[in-house]
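J.: this one's sequence-less:
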């Protein structure tokens, strides 16, 4: 606490003591406008009725937003809802499982000495270097052999193991769980399972939130795996659903407003999650980046 | 190392990860290598049972993948695209991180959040947004700049723009977080020695950032070699992107459109090998030059 306050004040003093850099501020604002522009544009475009989309000024709001949403939700008996639900299952369920596996693995690797530890860690981390493309085809073939190719499992299961998250969890466990606490627990007669579930895991929660968020976004954004695995569009996540909407509507300007509204609605939840969980994005990012 | 004092517990804790690793990483990799060495031989007219059978052909499929001119043009396109994305995206990420870290900017929090925001937009949605912004009938920028964003030469730049837009914020945040972890005293000392903000950035901050820059570069190299989502999503909007624009798109076409799994397997191993060689090659070059003192 003490150091944190000192740092802030000394930082403030430097800030107050120096003139505002007009050029640096302007450069950053140009960057911000560049990044916000497409998002603002799709927000505006989603409010336009099909007629307004081509006739009104590109950056003025239209009047068709509710009609667009109603039309999108009615599209092919409400398949958009299915896509949204599927995305939640894949991203939410996948990220939860992934976080649990990563946290327990990271804890074991950080807090135990055992034969084969380094070998197992190297092997698991090596997975980061294997491109998704090498895995996608055989994963598809193996899933189709056991009859699970066109199922939710085919998208969910391969995304649970995430080497980078195990790496982050290991670093986090090493820093957040004092050995003395575990020793004290052992002296009190707690078993290893109990120590893991009652002592270690609660201490790892902040790190787990970070891992969960990154995995959630990664799975939500994944296109290749569901694109390859799924044939039945009732199991599509939003990304693949949007893609099929685009393919069927690219040459029909009548469908443009539907595609734009779909794109807008699909990014809203993620942007909301992103803004509310802002402070977590920085936790341990640096410890992950600087080896 | 002596046997674990805790019995089987660490192994039990690692079991889920090891099982998943085996099932979804090790087995598929082995299976790809196996597939890549097979080929279907058709005897006679290819009719009836036994007319088509799998035969072992060793490295023939790899040789074919390396000799495939269509694939080579794909590599060249991705090389140009990747170089563009890497330089612009990481350059901007570094610039923004340094600007955010300097004490003299206003609205830093707003800019940081705004620049990181595209990270929350999936590649498909990002490409869709930009794709519509490129379309002549809708684009507000096209009228101003008077450029065709989707013709044969500009389409690479247009696609690179989508990748830069989506990736600059994440890389900026990684670099910025690293910068924030540096003790402020270091800058004070440099200032007392008479260093300007610019000199501090170049002489103090960038050297400290080097390992983080190296890591983000390696991750970006791996990602650009496997580019698939952006060109695939942009394809319906223009006829300048072929179905084999990038090597990974060719793998997809071979495996799922033309049904030649063996070629697809061989090509995907070539892609993996090239990305490994490039990332390790890059790491080695950087180690030899940048970390010599360390």
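T.: Looks like it came in fine. All of these numbers come straight from a predicted model, not from anything done at the bench.
J.: count of neighbours near the closest residue to residue B:148 other than its chain neighbours?
T.: Excluding the flanking residues, the one nearest residue B:148 by C-beta to C-beta, 6 or more residues apart in numbering or on different chains is residue B:154, at 6.3 Å. Every residue, glycine included, has its C-beta placed from N, CA and C. Applying other C-beta atoms under 10 Å in any protein chain shown, we find 15 residues neighbouring residue B:154.
J.: cool, and residue B:232?
T.: 24.
J.: after the helix or strand containing it, which helix or strand is next? Please name it.
T.: Assigned by DSSP states H and E, residue B:232 belongs to helix B:229-234. Using DSSP H and E, the helix or strand that follows helix B:229-234 in sequence is helix B:247-252.
J.: following element in sequence after that next one, please.
T.: Downstream of helix B:247-252 (by DSSP H and E), the next one is helix B:261-290.
J.: just the buried residues of that next one, please?
T.: For helix B:261-290, a neighbour-count test (16 or more other C-beta atoms under 10 Å in any protein chain shown) marks B:261-272, B:274-275, B:278-279, B:286 as buried.
J.: what subset of these is also close to chain A?
T.: B:261, B:264, B:265, B:268, B:269, B:271, B:272, B:275, B:279 (C-beta under 8 Å from any C-beta of the partner chain).
J.: buried residues in the helix or strand hosting residue B:161?
T.: Residue B:161 is part of helix B:154-180 when elements are defined by DSSP H and E. Neighbour-count burial for helix B:154-180 flags B:155-156, B:158-179 (criterion: 16+ other C-beta under 10 Å).
J.: how about stretch B:204-217?
T.: B:204, B:205, B:209, B:211, B:212, B:213, B:214, B:215, B:216, B:217.
J.: now those in a markdown table, with pLDDT, distance to chain A and secondary structure?
T.: Output for the buried residues of stretch B:204-217, formatted as a markdown table (pLDDT from 0 to 100; distance: C-beta to the nearest C-beta, whole Å; DSSP: H, G, I helix; E, B strand; the rest coil):
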| residue | pLDDT | distance to chain A | secondary structure |
| --- | --- | --- | --- |
| B:204 | 89 | 15 | helix |
| B:205 | 92 | 13 | helix |
| B:209 | 91 | 9 | helix |
| B:211 | 86 | 5 | helix |
| B:212 | 88 | 5 | helix |
| B:213 | 91 | 9 | helix |
| B:214 | 89 | 9 | helix |
| B:215 | 85 | 6 | helix |
| B:216 | 89 | 7 | helix |
| B:217 | 92 | 12 | helix |
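J.: of all these, which comes closest to residue B:64?
T.: Residue B:64 lies nearest to residue B:217 out of those, by C-beta to C-beta, at 31.6 Å.
J.: contacting residues for the closest one?
T.: B:86, B:90, B:282 (C-beta atoms under 8 Å, 6 or more residues apart in numbering or on different chains).
J.: want to throw these into JSON lines with pLDDT and distance to residue A:267?
T.: JSON lines is the format used below for these (pLDDT from 0 to 100; distance: C-beta to C-beta, whole Å):
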{"residue": "B:86", "pLDDT": "96", "distance to residue A:267": "25"}
{"residue": "B:90", "pLDDT": "97", "distance to residue A:267": "24"}
{"residue": "B:282", "pLDDT": "86", "distance to residue A:267": "33"}
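J.: of those residues, list those near chain A.
T.: Within the contacts of residue B:217, nothing lies near chain A by C-beta under 8 Å from any C-beta.
J.: of these, which is the nearest to residue A:92?
T.: Lowest distance from residue A:92 to the contacts of residue B:217 (C-beta to C-beta) belongs to residue B:90, with 31.8 Å.
J.: where does pLDDT dip in the stretch 151-291 of chain A?
T.: Within the stretch 151-291 of chain A, the stretches with pLDDT under 70 are A:281-291.
J.: all helices for it, in order.
T.: A:152-156, A:163-176, A:179-187, A:192-194, A:201-203, A:205-221, A:224-229, A:238-249, A:256-276, A:285-289 (DSSP state H, counting those that start in this stretch).
J.: thinking again about what came up before, give me the mean pLDDT for the helix or strand just after the helix holding residue B:161.
T.: Using DSSP H and E, the helix or strand that directly follows helix B:154-180 along the chain is helix B:185-192. Computed over helix B:185-192, the mean pLDDT rounds to 88.
J.: give me the nearest residue to the most centrally placed residue in chain B, chain neighbours excluded.
T.: The centroid of chain B falls nearest to residue B:223 when counting by C-alpha atoms, centre = their mean (1.1 Å). Counting by C-beta to C-beta, 6+ apart, the nearest residue to residue B:223 once its immediate chain neighbours are dropped is residue B:167, at 7.8 Å.
J.: that neighbour contacts residue B:88, doesn't it?
T.: No. When contacts are counted by C-beta atoms under 8 Å, residue B:167 is not listed as touching residue B:88 (9.8 Å).
J.: quick check: longest helix of chain B.
T.: helix B:69-101 (DSSP state H).
J.: and the angle for that helix with helix B:261-290?
T.: On the basis of axes from the mean of the first three to the mean of the last three C-alpha atoms, to 10 degrees, helix B:69-101 is oriented at 40 degrees to helix B:261-290.
J.: state which helix of chain A is the longest.
T.: Max-length helix for chain A by DSSP H is helix A:22-45.
J.: next secondary structure element downstream of that helix?
T.: In N-to-C order, the element after helix A:22-45 by DSSP H and E is helix A:50-55.
J.: how about the following helix or strand past that following helix and chain B, any contact?
T.: Toward the C-terminus, helix A:50-55 is succeeded by helix A:65-74 as the next helix or strand (DSSP H and E). No. Using C-beta under 8 Å from any C-beta, helix A:65-74 never reaches chain B; the gap is at least 14.0 Å.
J.: in helix A:65-74, which residues are buried?
T.: Buried residues in helix A:65-74, counted by 16+ other C-beta under 10 Å: A:65, A:68, A:69, A:71, A:72.
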